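K.L.:
Could you work out the structure for the sequence below:
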Amino acid sequence: MADFLNRAVLLTNSMSSADPQAGRLGPAISRQVTGSPLGTGTAYDDDVTQAAPAGVSVLAADARFFRALGDSTRLAILQHLLVRPHNVSELTKELGVPQGRVSNHLACLRWCRFVTAERSGRQVIYSVSDLRLRGLLDLASELASDSQEHLATCGRIGPDWI
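P.N.:
Numbers count the residues shown, from 1 in each chain. Model (predicted):
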């Protein structure tokens with residue numbers, strides 16, 4: 001955590017005040033879809049590449065990393081996948097949310113490389129791509145447990161549906 005904060009301070013201090021766009025994401029992002037390992041050729045496949053806009057800082061990438069984890073459904077999916085690999089139907093049943101929502105969250109988690117997908121016959125099996133995620137989620141839960149009631153009522157983060 002200290003390393004993360006030190007990098008944040010260094011990056012903030014190094015940003016030029018003369019350039020108002022420093023550290024901000026550019027408006028145009030190009031996508032390139034190549035052959036899919038799952039054979040779908042959709043923009044959600046792992047082999048979709050996205051060029052990083054000029055001026056994207058490590059701090060911005062770190063913020064996106066945590067933003068991807070900032071949804072309770074995505075966290076629940078990751079918790080289930082840390083137990084064992086699942087397909088969409090299993091996750092839908094265990095989480096009690098619509099299949100489309102689970103699929104969209106899985107697409108986000110795949111894009112951010114939190115999970116991987118492997119075709120097994122007609123099913124796609126999802127699993128966590130890096131088991132260090134378990135330690136991160138455990139630490140986050142431990143840190144949040146001290147302030148659960150306060151965090152639950154925070155109105156500055158955004159509406160509940162985000």
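K.L.:
from here on, contacts and neighbour counts on C-alpha atoms
P.N.:
Fine.
K.L.:
Would you quantify the distance from the residue nearest to Leu131 when sequence neighbours are not counted to Ala76?
P.N.:
Spatially, and ignoring its direct neighbours in sequence, Leu131 is nearest to Leu82 (7.6 Å; C-alpha to C-alpha, 6 or more residues apart in numbering). Plainly put, Leu82 is 10 Å away from Ala76 if you go by C-alpha to C-alpha, to the nearest Å.
K.L.:
the more surrounded of the two?
P.N.:
Ranked by neighbour count (other C-alpha atoms under 10 Å), Leu82 and Ala76 place Leu82 first, with 17 against 14.
K.L.:
Show me where this protein has its helices.
P.N.:
2-14, 58-68, 72-83, 88-95, 99-111, 132-145, 148-152 (DSSP state H).
K.L.:
Mean pLDDT for the ones you listed - can I get that in a markdown table?
P.N.:
Converted to a markdown table, those look like this (pLDDT from 0 to 100):
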| stretch | mean pLDDT |
| --- | --- |
| helix 2-14 | 41 |
| helix 58-68 | 90 |
| helix 72-83 | 97 |
| helix 88-95 | 97 |
| helix 99-111 | 97 |
| helix 132-145 | 94 |
| helix 148-152 | 83 |
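K.L.:
For stretch 122-142, which outside residues touch it?
P.N.:
Outside stretch 122-142, the residues that touch it by C-alpha atoms under 8 Å, 6 or more residues apart in numbering are 78, 81-82, 84-88, 113-119.
K.L.:
Tell me the buried residues in that stretch?
P.N.:
124-129 (16 or more other C-alpha atoms under 10 Å).
K.L.:
before we move on, what about stretch 108-125?
P.N.:
So stretch 108-125, judged by 16+ other C-alpha under 10 Å, has buried residues 108-111, 114-117, 124-125.
K.L.:
which residues touch the residue nearest to Leu131?
P.N.:
Leu82 touches 127-128, 131, 134, counting by C-alpha under 8 Å, 6+ apart.
K.L.:
Which members of those occur in strands, if any?
P.N.:
127-128 (DSSP state E).
K.L.:
which of the contacts of Leu82 lies closest to Ser145?
P.N.:
Distances from Ser145 to these, taken as C-alpha to C-alpha, are shortest for Arg134 (16.3 Å).
K.L.:
What distance do you get for that closest one to Thr116?
P.N.:
Distance of Arg134 to Thr116, computed by C-alpha to C-alpha: 15 Å.
K.L.:
likewise Gln123?
P.N.:
The value you get for Gln123 to Thr116, if C-alpha to C-alpha is used, is 13 Å.
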